[in-house]
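Trainee: Attaching a predicted model along with its sequence, questions to come.
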Amino acid sequence: MFYVFFQVLTKKENDGFSKVHLGFILKISDLNYAEGIPLMQEGIDTEEPGTQDGRFFYHLGDAYLRTNETGKVRLVIIKMVFNKII
């Protein structure tokens, strides 16, 4: 699965759906927060269909928390509330 999203991004680098999924995979399977965070954030920020899922927001907030970026956790929560994802 990782490979599929990576291949999409090599052809369409701004694909939010692939970014959010690839970032999620990096965070969950590799515990690679440094690479997973920007991909999840960029994917969510596109607001493309399939990117506005509470699970992605949760895991992005969790990754920020684990990297001691608590201010960004608050921003994720605010965006969730504003977009009525909670």
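Mentor: Great, that's in hand.

Trainee: Would you quantify the distance from the residue of the chain positioned farthest from its centre to Glu35?
Mentor: If you look at how far each residue of the chain sits from its centre, by C-alpha atoms, centre = their mean, the farthest one is Lys11, at 19.4 Å. From Lys11 across to Glu35, the span is 19 Å (C-beta to C-beta, to the nearest Å). Where C-beta positions appear, they are placed from N, C-alpha and C, glycine not excepted.

Trainee: for Lys84, helix, strand, or coil?
Mentor: The three-state label given to Lys84 by DSSP: H, G, I helix; E, B strand; the rest coil is coil.

Trainee: what number of residues lie near it?
Mentor: 7 (other C-beta atoms under 10 Å).

Trainee: Same question for Glu48.
Mentor: Counted with other C-beta under 10 Å, the neighbours of Glu48 add up to 16.

Trainee: same check, this time on the one 3 residues further on
Mentor: Residues near Thr51, counting by other C-beta under 10 Å, number 21.
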